[in-house]
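Asker: Kindly generate the corresponding structure for this input.
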Amino acid sequence: MNQQKGRDYRELVKQRSPKSKTVLMCFKAFLVGGLICSIGQVVQFIGTSALNLSEEDVAAFTAIVMVFLGATLTGIGIYDKIGSFAGAGSVVPITGFANSIVAPAMEHKPEGYVMGVGAKLFSLAGPVLVYGISSSILVGLLALIFP
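Answerer: Model prediction:
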């Protein structure tokens, strides 16, 4: 009798469980992740060809631009839509890192840019990350202005 109940229960679970869309989800993740990486390659090409950056400098330039794009797209609400479509395809590249820092802070936007967004950037991402990124941008701008 218990074996019959066990089989009935497994059948009921099988009928009620949503069908897995693993193949479609993997395709979407591959497509969007590949597109993000292709954009990174274009940024790298621009740094190498148009800006004549060294190999070391172009790597930093590419990372900075991709983090900036990820943070900007998160701030204007586009990256969340990309993430809901692509899943891990949007989380794994470096733009996903920027999204993970900016998205929680944007939830506190009604509290103001300083006490809401700014304070949450420091508490959520960690002072080291925010300070490191902010100071690297500042130093980069100073190096550009005063060669």
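Asker: Quick one: mean pLDDT over the host helix or strand of residue 9.
Answerer: If you go by DSSP states H and E, residue 9 is part of helix 2-16. Per-residue pLDDT over helix 2-16 has a mean of 75.
Asker: got the buried residues for the next helix or strand after that helix?
Answerer: Note on helix 2-16: by DSSP H and E, the next helix or strand toward the C-terminus is helix 22-49. If you call a residue buried by 16 or more other Cβ atoms under 10 Å, then helix 22-49 has these buried ones: 28-29, 32-33, 36, 39-40, 43-44, 47-48. C-beta: built from backbone N, CA, C; applies to glycine.
Asker: With just CA atoms, put stretch 95-104 into CSV.
Answerer: Extracted C-alpha coordinates of stretch 95-104, given in CSV (Å, rounded to 0.1, in the frame of the first residue of the first chain):
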residue,chain,number,x,y,z
THR,A,95,29.1,44.0,-16.3
GLY,A,96,27.3,41.7,-13.9
PHE,A,97,29.8,42.8,-11.2
ALA,A,98,28.8,46.4,-11.8
ASN,A,99,25.2,45.4,-11.7
SER,A,100,25.6,43.7,-8.4
ILE,A,101,27.0,46.9,-6.9
VAL,A,102,24.6,49.4,-8.4
ALA,A,103,21.3,47.5,-8.3
PRO,A,104,20.9,47.4,-4.5
